[in-house]
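[1] coords please:
(one chain, ligands or ions: 2)
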Amino acid sequence: ATPTAIMVATGVGATNGVLIKGGDALERAQKVKYVIFDKTGTLTQGKATVTTAKVFTGMDRGEFLTLVASAEASSEHPLAKAIVDYAHHFHFFDDPSAPDGYQDHNKESKSGWLFNVSDFSALPGSGVQCLIHGKRILVGNRKLMIESGIIIPNHVEKFVVELEESAQTGILVAYDDNLAGVLGVADSLKREAAVVIEGLEKMGVIPVMVTGDNWRTARAVAKEVGIQDVRAEVMPAGKADVIRSFQKDGSVVAMVGDGINDSPALAAADVGMAIGAGTDIAIEAADYVLMRNNLEDVITAIDLSRKTFSRIR
Ligand code: ADP
Ligand code: MG
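    Ligands and ions are numbered 1, 2, ... in the order given. Have a look, this model is predicted:
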């Protein structure tokens, strides 16, 4: 393609909200064989909602939710936002199923009710950890609990499995080294997700899902969206390894993701595509930014590249 053709294609992309960082990225997209999709916030809306919160100790429900929300308040993860919203809702309305109006509360009330937190750390791919009232709180998946030496009683495990079988994510909470409760979080698929997966297959492109979430939830979501090849319980660094494993035979691999945890994979991919609503780090690591947050633009991007480069060869 001539420099002019590349410039025109970049312009066409931009008009459609597909930002392309350079002619090389534009050229590579035509040859994509695999598109690896992150799950949370990419295939799903990332607008997770807490469906249930179960306290397994004598702790007061309101206190439990405030503890969890305080721990999650500094996290950028979609799951964290859902939990903070739910607790905020509970705190101000006492009715988690009430309509959305509470979101209009001023900023102060959005954080003034939270407990003070120290020693916060986000553990990408597992959860968060910090100190509240001088005691350690952990919020995240099984792996986080196990690695932190928290015992998961059988009845808690059973509850988590039930959530996962219904495509939800179970978030476990340990306070002062005891398993205190579990939240169930549902995150619906983006409306266009299944159509895009079908469309890619028609174009001869193989869709794959990679996620840090557990196998049971991952399989349930993949089934809904129509993806056969799933890689679950993958840590952020592991996502880049998944990309490299698909590249081994020389295949051109695209990665679509939104999170901090996706940035190594976005960088490792031949074509990294970040969701525009995603984190800055993901956007920086990517070659493409999908500003409309619509997965159809994965197809738009590949199409644009194919059209720009096919005639000339
Ligand atoms: P995905 O790859 O689907 O975007 P992540 O790698 O971000 O998922 O997270 C993997 C898992 O780690 C989540 O499903 C969740 O169980 C846990 N996790 C990550 N961040 C958090 C958080 N801030 N709060 C609770 N759990 C978390
Ligand atoms: Mg994500």
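[2] How many neighbouring residues does the spatially closest residue to Trp113 that is not a sequence neighbour have?
    Of all residues not flanking Trp113 in the chain, His91 sits nearest, at 5.3 Å (Cβ to Cβ, 6 or more residues apart in numbering). C-beta coordinates here come from the backbone N, C-alpha and C atoms, glycine included. Neighbourhood size, His91 [other Cβ atoms under 10 Å]: 16.
[3] Same question for Thr2.
    Count around Thr2 with other Cβ under 10 Å applied: 9.
[4] and if you look at Gly112?
    Neighbours around Gly112, by other Cβ under 10 Å: 8.
[5] How about the backbone phi and psi for the residue nearest to Trp113?
    phi -60, psi -40 (degrees, to the nearest 10).
[6] My guess is it contacts Phe64. True?
    No - at 11.6 Å, His91 does not count as touching Phe64 under the criterion of Cβ atoms under 8 Å.
[7] Could you identify the helix or strand that succeeds the helix or strand containing Ile36?
    Assigned by DSSP states H and E, Ile36 falls within strand 32-38. Note on strand 32-38: by DSSP H and E, the next helix or strand toward the C-terminus is strand 49-55.
[8] Pull up the pairing partners for that following strand, direction included.
    strand 178-186 (antiparallel) (DSSP bridges).
[9] Now do the buried residues in the partner strand.
    Taking 16 or more other Cβ atoms under 10 Å as the neighbour-count basis, strand 178-186 is seen to contain the buried residues 179-186.
[10] what number of residues lie near the closest residue to ligand 2 within the stretch 51-200 of the chain?
    Closest to ligand 2 within the stretch 51-200 of the chain is Pro78: 6.9 Å, counting by Cβ to the ion. Per other Cβ under 10 Å, the neighbour tally for Pro78 reads 21.
[11] Quick check: it vs Asp229, distance?
    Relative to Asp229, Pro78 is positioned 23 Å away (criterion: Cβ to Cβ, to the nearest Å).
[12] returning to what we had before: and the residue nearest to Trp113, what is it in contact with?
    Applying Cβ atoms under 8 Å, 6 or more residues apart in numbering, we find His91 in contact with 62, 65-66, 113.
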